[in-house]
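**Q** Could you look at this predicted model? Sequence included:
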Amino acid sequence: MVNKQTIWTFLEPLMYAEEFIHLAEISRELKSPHATVRQYLNWFEKEGIVIKQIKGRLTIYKINYSNPLIIDYLILAEKNKLVRKFHNDLLMKEIVSFLHNINLDTIIIFGSSVKNTKSINDIDLVVIGKKETNFKDFEKKFNVKFHIINVNKLEEINESLKKEIKKKHLIIENSEKVIKWMLKN
């Protein structure tokens, strides 16, 4: 299967990172050659989306959070990640389709299921809003269990869970709200 990457894919390893990240680490995470990654990161730097620092022989990068359009760029990267996952994972395709069709304000999938749905025990969800949907039929049909954290607002989530969500997540509904929440300290 061909791994379809857009320019926004190259921003993903930097999203929500608090420290600068080395080019080799970004390249390793994306499974792309250094030269390819460097080309896209240099474009991001010219656009003011990332900050580049050179320390001796090390080239390190970080998101430029002072860019007035950074939320919009992160929304593009988040949507790109969701669409790629939707097309590359059949179970995730069914999950995302199901979640898009229920009436909830904000939905985030997080944890191990974001990387691989083949060997998971459950799908971790954060749901904002009144959860009236019955997940049981979906769980039975696809032999998967949802672990749902239902809160009234994102600010009710503790810091340790927030860190876990930042590491591995797919934003299903309300990207802008979730991104702003993740960027708050």
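**A** Sure, I can see it.
**Q** longest helix of this structure?
**A** helix 70-88 (DSSP state H).
**Q** N150 and T106: what is the separation?
**A** 11 Å (C-beta to C-beta, to the nearest Å). In this view, the C-beta of every residue, glycine as well, is placed from N, C-alpha and C.
**Q** Of these two, which one has the most company?
**A** Of the pair N150 and T106, T106 is the one with more neighbours under other C-beta atoms under 10 Å, namely 19 against 13.
**Q** picking up where we left off before, what residues are shared contacts of N150 and T106?
**A** Taking C-beta atoms under 8 Å, 6 or more residues apart in numbering as the contact criterion, the residues that touch both N150 and T106 are 127-128.
**Q** now what about the longest helix of the chain, what contacts it?
**A** Here helix 70-88 has contacts from 1, 3-6, 8-9, 11-12, 15, 49, 63-64, 67, 92-93, 96, 114, 170-172, 175-176, 178-180, 183, using C-beta under 8 Å, 6+ apart.
**Q** try it again with 6 Å
**A** Applying C-beta atoms under 6 Å, 6 or more residues apart in numbering, the contact partners of helix 70-88 are 6, 8, 11-12, 49, 92-93, 96, 170-171, 175, 179.
**Q** same check, this time on stretch 116-126
**A** Against stretch 116-126 from outside (C-beta under 6 Å, 6+ apart): 89, 91-92, 108-113, 144-149.
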